[in-house]
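Q: 3D model of this:
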Amino acid sequence: MTTLVNCVAPHAGSDPGFPPPGLLSLAASIRQAGFPVRLADLACAGKAGVPAPEDFPKWLGEPTPMVGFSTMSNMLPYALEAARCLKDARPKTTIVFGGCGPQAAVKEILEQFPFIDYVFQGEAEHTFAEFLRQQDNRDAWSGIKGLAFRQNGSVQVNPPPLRIKDLDALPRPAYDLIDLSGYSNFIGLQTSRGCPFSCTYCEASFSRQRLLATHSIGRVIEDIRHLQTLYPDRKLGLVDDTFTVPRERAAQFCREYLAAGFNFRWGILSRVDGIDVPLMELLFKARCEGVYFGIESGSDKTLRAIRKGITREQICDVVPRARDYFTEVTASFMWGFPFEDMADLEETLMLAAFLRTYGINVQLHLWSPMPRSALFKQYQAQLIYDPGVQSNLVLGNVTRYQSLIASNPTIFAPFYHVPHPAFEQKRQMVEGMGFAG
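A: Prediction:
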């Protein structure tokens, strides 16, 4: 039996979001290969919150031979401490790490944390099942793409796996393994993977090689029909990085969704250059209620610097129009880029305030250096760790992890920042406008 841990935790008092479609897809593939699997979900830890690392083994419940942690960068310190406590309590447990969090420092994690047995890179639906088949055949491990392990006293990191292009060949995510009562009224569905764009602050173009892989619309309609049968009272969240790219696929989905007569209300993520009024009208007719835009900046200079590929004019044209069609519109910004000056930040804050007047939900986050992004590579040598300067995108209370984070900058880069002029003045300006950084 393998236990997969969804090592994701919402901020205190916030919604846990969507059940994890990627991890549920992995669980389904493991099960399809003939291996028993269960899922332990920290996102639904309840009012008690995420257990302290030393309490993690008890929270995890029944011991299983293998435990796989899927974690984002923001929960990596916790995941490592929880894994350490698990190995102390159950020394025979095989511990595997995967997900976005460990991807940039696979070798370093195995070198510095001996209680971690294996790390997987990339999409693991095929490779994890292959590892389970070959677990007792050590000679075969070198041929398992994406696997990192210890060999003769050193760490061997195999080449990453090829991207999965035929998503329709994957089994339906194992929604039956998760307790949906711990989530809000939404259930998540992924209809595509990857992003074809090259924004410099983001890891997606690196991790997915800018390749967009999609389910066929027919498969998506089948999956929605299945979900509506099981969960007729829930809303649907399409969690693709860029649902409206390509635009015609989004339009085709809307037409077939309408023809199927579904009752789900749903929401999407989009770029401002991936949507226009005709598509908004079609989305509205298909009962789409919400759209989330990654805006990042109100400064054209900054938008060019991060290769966002959009302009302030486009933002001002598209985002307010979206409010005419969708009940919930969110615009997400970042501040604190190393090259951002006061004038750039002022433009961002003024645009954010302007969008608020339309009833748009505005989010503003301090830029966090993601380890495989182009910006991280550019500014890596300048990163410093200051517990008082932390993006609200990362773990809330890092007090107990400060020494761990400070001693491992490569592993915990998102907790670091690049010092730049007038940082405190900028932070006061952000907070003065009523935004949390």
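
Q: Please, where are all the helices along the stretch 251-400 of the chain?
A: For the stretch 251-400 of the chain, the helices defined by DSSP state H, counting those that start in this stretch occupy 277-285, 300-305, 312-322, 342-356, 374-379.

Q: With respect to Gly143, which of those helices lies nearest?
A: helix 374-379 (30.0 Å; Cβ to Cβ). C-beta: built from backbone N, CA, C; applies to glycine.

Q: Buried ones in the closest one, by neighbour count?
A: Applying a neighbour-count criterion of 16 or more other Cβ atoms under 10 Å, one finds 374-376, 379 buried in helix 374-379.

Q: In a markdown table: these, plus pLDDT and distance to Pro53.
A: What follows is the buried residues of helix 374-379, written out as a markdown table (pLDDT from 0 to 100; distance: Cβ to Cβ, whole Å):
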| residue | pLDDT | distance to Pro53 |
| --- | --- | --- |
| Ala374 | 92 | 33 |
| Leu375 | 93 | 31 |
| Phe376 | 92 | 27 |
| Tyr379 | 93 | 31 |
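
Q: Leaving out sequence neighbours, find the closest residue to Leu212.
A: Leaving out its chain neighbours, the residue that sits closest to Leu212 by Cβ to Cβ, 6 or more residues apart in numbering is Gly194, at 4.5 Å.

Q: likewise Cys202?
A: Nearest non-adjacent residue to Cys202 (Cβ to Cβ, 6+ apart): Ser373, at 5.8 Å.

Q: What number of residues are in the vicinity of that neighbour?
A: 23 (other Cβ atoms under 10 Å).

Q: returning to what we had before: out of the buried residues of helix 374-379, who's nearest Tyr292?
A: Of all those, Tyr292 sits closest to Leu375, with 21.8 Å by Cβ to Cβ.

Q: any idea how far Arg356 is from Lys426?
A: Note on Lys426: its distance to Arg356, by Cβ to Cβ, to the nearest Å, is 19 Å.

Q: who's more crowded, those two?
A: Lys426 (22 against 15).

Q: Quick check, pLDDT for the more buried one.
A: You'll see Lys426 listed with a pLDDT of 90.

Q: Which elements pack onto the helix or strand that contains it?
A: Per DSSP states H and E, Lys426 falls inside helix 423-432. Here helix 423-432 touches helix 342-356, going by 3 or more Cβ pairs under 8 Å, 6 or more residues apart in numbering; DSSP states H and E.

Q: can you tell me the average pLDDT over the helix it packs on?
A: Mean predicted confidence for helix 342-356 is 96.

Q: And it, what does it pack against?
A: Looks like helix 342-356 contacts helix 300-305, helix 312-322, strand 328-335, strand 361-366, helix 423-432 (3+ Cβ pairs under 8 Å, 6+ apart).

Q: Check which strands are paired with the third one and give the direction for each one.
A: Sheet pairing of strand 328-335 (DSSP bridges) gives strand 288-296 (parallel), strand 361-366 (parallel).

Q: Ranking helices and strands of this structure by mean pLDDT, which lands last?
A: helix 204-207 (a mean of 60; mean pLDDT, DSSP states H and E).

Q: Just checking, which helix or strand succeeds that helix along the chain?
A: Reading on from helix 204-207 to the C-terminus, the next helix or strand found by DSSP H and E is strand 213-214.
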